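Asks: okay, sequence plus prediction incoming.
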Amino acid sequence: MTPTPDVQAHNIRALLRQRMKTIILIAALLAAATLAFAQDPWPAEPLPSAVNLTEIEGSGVNDFYYDLSGAVWNPVTRTLWICRNGPGGDNSKLWAVVENDGGSFEIDYREGNRGEWTGFGDLEGVTQADFDEDVVYTIIEGEERIKAYDVSTYGTASLLNDWDTSAYLPRSGGAGAEGITFIPDSFLAEAGFVDSSGVPCASAGGMDGLMFVGHQNGGGVFVFDLDRTTDAFTFIGEYQSGYSELAGLEFDRSTGELYAWHDSGFDILSVFDLTSEEVPGEDYRSLNALRRYLGPSSENNEGIAVMSSDDCLEGERSFFMTVDDGGATSLLWYREFEDGCPTWVSVPDETSATASGIHIAAHPNPSRDTTMVSYQLAAISDVCLRVFDVAGREIRTLHLPNRPAGEHVVTWDGRNQKGDMVRSGVYLLRLEATDPGVGQGTTTPLGQGKATVIGRGKTTIVR
């Protein structure tokens, strides 16, 4: 089939970029030097303290030892999907890993069948669109194609669809597509995501979201709107990540942020908010980075996966990393990953004369809209309920003046301060009390007085 003019133009631009490889490399090095000041320390425990999960695949030298590649965490089924790219493609594999009763992980089984599939080609990345479906989406390096598989039958993967995205991905030799993640439309809209022309963009192919592919050659993120039922798709645009290589992608739906792992001597974890800037004279945009972290090691780290912020405990949650050819340390579990977790989730030890208890109960939890928060007061107080997202942003404040002593219920309607319904996710609650009359009036009862935190909690909104 003859490429369309758009595809031909894209290929010409990619060829020109390849011919300027030396200039691009120098520019990347300069960019890395410029960004170095913004790199924060690794936000988890050091490598020697991470839990090594390699042995869960089997005793001795097992299939995790070589060629591990992508990973993704499903917070609904609580499944860690791990993939391997070879060797040679014929021995590529996919595993479903779940929590066990011993506080660790194991390969899952269903109806006596092991959660292991093989024969995908050069399988570099895996993701899911609908967390309730037994369907995985993969990126196959070399072929540069996105493929969907039904994995409801353990051990047997049935190909559902095959999108040939190769014309838009700048493969060069062995440097090809490596990371893949899916971002639902609701997150794209809230973040103000735009296409290559700067126009707000959402899916139109029935997927209810867009597929993001990270590339080893150039470090770009390439976005596609896939048709759910056919092999058709629309190319949305290219977005540069700030580094000339990208090995792994993971979108965290609990925070609305995109994680990208840069290997090949960079060893950097970037965090993006889905906004982007126009690059003058170019047909791609530049993603806006919120944070960048130095990696835990200079090994050949590839795949990344992060648990939901709903799993944050005392400001920490779990982060997983695969190591290509890592041998006996190829799958690592970091249990003290702080990024995306508020630092104030812990309930304080002290109470005040105003509070008869320091915990608040949110119900129903999870909720589709309205959340009721129960609390108890020992004396008349001005009360304030503050609602935060997991990034620590205060999204709603409810003032309740002159509450008498006793048990009370305050209702949050699932809306932010502007009156808009918030998206699905985890929200943190903080209840404060002040002696009445100390503040500036009923509209701002906590004004000048010293507010005492009488409870903390969290709730999950599911749309």
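Replies: Received, thanks.
Asks: where's residue 103, which helix or strand?
Replies: Using DSSP states H and E, residue 103 is not contained in any helix or strand.
Asks: list the contacts for it?
Replies: By CB atoms under 8 Å, 6 or more residues apart in numbering, the contact set of residue 103 is empty. Backbone N, C-alpha and C define where each C-beta goes, glycine included.
Asks: dihedrals phi and psi, it?
Replies: phi 80, psi 20 (degrees, to the nearest 10).
Asks: ok, residue 328 next?
Replies: Main-chain torsions, residue 328, degrees, to the nearest 10: phi -70, psi -10.
Asks: ok, residue 63 to residue 323 distance?
Replies: Going from residue 63 to residue 323 by CB to CB, to the nearest Å gives 14 Å.
Asks: same thing with residue 398?
Replies: As judged by CB to CB, residue 398 and residue 323 stand 47 Å apart.
Asks: same check, this time on residue 372
Replies: From residue 372 to residue 323 the distance is 46 Å (CB to CB).
Asks: what's the burial count for residue 174?
Replies: Neighbour count for residue 174, taken as other CB atoms under 10 Å: 10.
Asks: and for the one 3 residues further on?
Replies: Residue 177: 28 surrounding residues under other CB under 10 Å.
Asks: now swap in residue 378 and tell me
Replies: 16.
Asks: surely it touches residue 403?
Replies: No. Judged on CB atoms under 8 Å, residue 378 makes no contact with residue 403 at a distance of 11.2 Å.
Asks: if we can go back for a sec, compare residue 398 and residue 323 (neighbour count), which wins?
Replies: Taking other CB under 10 Å, residue 398 and residue 323 do not tie; residue 323 has more neighbours (21 against 16).
Asks: could you list the low-pLDDT ranges of the stretch 101-250 of the chain?
Replies: Applying pLDDT under 70 to the stretch 101-250 of the chain picks out no residues at all.
Asks: which residues in it form strands?
Replies: Assigned by DSSP state E, counting those that start in this stretch, the stretch 101-250 of the chain shows strands spanning 105-107, 109-110, 113-114, 116-118, 123-127, 135-140, 145-150, 158-163, 177-184, 209-215, 220-226, 233-240, 248-252.
Asks: just name the most buried of these.
Replies: strand 123-127 (a mean of 28; mean count of other CB atoms under 10 Å).
Asks: remind me which residues of the stretch 251-400 of the chain are low pLDDT?
Replies: In the stretch 251-400 of the chain, residues with pLDDT under 70: 342-361, 366, 368, 391.
Asks: rerun that using 80 as the cut-off
Replies: 314, 342-370, 389-392 (pLDDT under 80).
Asks: ok, which stretches of it are strands?
Replies: Ranges of strands in the stretch 251-400 of the chain, per DSSP E, counting those that start in this stretch, are 257-262, 268-278, 285-294, 301-306, 317-323, 331-337, 361-363, 371-377, 381-389, 394-403.
Asks: flag every buried residue along the last one.
Replies: The reference is to strand 394-403. Neighbour-count burial for strand 394-403 flags 395-396, 398-401, 403 (criterion: 16 or more other CB atoms under 10 Å).
Asks: quick check, nearest of these to residue 42?
Replies: Proximity of the buried residues of strand 394-403 to residue 42 (CB to CB) peaks at residue 395, which lies at 29.0 Å.
Asks: and the residue nearest to the closest one when sequence neighbours are not counted, what is it in contact with?
Replies: Excluding the flanking residues, the one nearest residue 395 by CB to CB, 6 or more residues apart in numbering is residue 416, at 4.5 Å. When contacts are counted by CB under 8 Å, 6+ apart, residue 416 touches 395-396, 422.
Asks: from residue 459, how far off is residue 416?
Replies: Computed with CB to CB, the distance linking residue 416 and residue 459 is 14 Å.
Asks: go on, residue 83?
Replies: Residue 83 is 34 Å from residue 459, by CB to CB.
Asks: how about residue 127?
Replies: 27 Å.
Asks: what does residue 53 give?
Replies: In terms of CB to CB, residue 53 sits 31 Å off from residue 459.
Asks: neighbour-wise, which of the two wins?
Replies: When residue 53 and residue 459 are compared for neighbours, residue 459 comes out ahead with 24 against 21, by other CB under 10 Å.
Asks: with adjacent residues omitted, what lies nearest to that one?
Replies: If the residues on either side of it in the chain are set aside, residue 459 comes closest to residue 362, at 4.1 Å by CB to CB, 6+ apart.
Asks: beta partners of that neighbour?
Replies: residue 373 (DSSP bridges).
Asks: from memory it sits against residue 375, does it?
Replies: No. Using CB under 8 Å, residue 362 is not in contact with residue 375; the gap is 10.2 Å.
Asks: ok, back up a step: including distance to residue 340, could the contacts of residue 416 go into CSV?
Replies: Below are the contacts of residue 416 laid out as CSV (distance: CB to CB, whole Å):
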residue, distance to residue 340
395, 16
396, 20
422, 17
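Asks: show me which of these is closest to residue 96.
Replies: Nearest to residue 96 among the contacts of residue 416: residue 422, at 31.4 Å, using CB to CB.
Asks: quick one: the closest one from residue 188, how far?
Replies: Here residue 422 is placed at a distance of 16 Å from residue 188 (CB to CB).
Asks: likewise for residue 308?
Replies: Counting by CB to CB, the gap from residue 308 to residue 188 is 19 Å.
Asks: cool, residue 262 as well?
Replies: Distance of residue 262 to residue 188, computed by CB to CB: 23 Å.
Asks: what about those two, which has more around it?
Replies: residue 262 (25 against 20).
Asks: could you list the domains of the chain?
Replies: Segmentation of the chain into domains, based on automatic domain parsing, reads 5-337, 361-461.
Asks: look at residue 56 and give its secondary structure.
Replies: helix (DSSP: H, G, I helix; E, B strand; the rest coil).
Asks: that one contacts residue 105, doesn't it?
Replies: Yes. The pair residue 56 and residue 105 passes the contact test of CB under 8 Å, sitting 5.7 Å apart.
Asks: overlap in contacts of those two?
Replies: Common contacts of residue 56 and residue 105, defined by CB under 8 Å, 6+ apart, comprise residue 97.
Asks: can you tell me how far residue 227 is from residue 201?
Replies: For residue 227, the distance to residue 201 equals 16 Å [CB to CB].
Asks: more neighbours, those two?
Replies: Each of residue 227 and residue 201 has its neighbours counted (other CB under 10 Å); residue 201 has more, 21 against 17.
Asks: next one: phi and psi at the closest residue to the more buried one other than its chain neighbours?
Replies: Spatial nearest neighbour of residue 201, excluding adjacent residues (CB to CB, 6+ apart): residue 195 at 4.1 Å. Dihedral pair for residue 195: phi -80, psi -170, per degrees, to the nearest 10.
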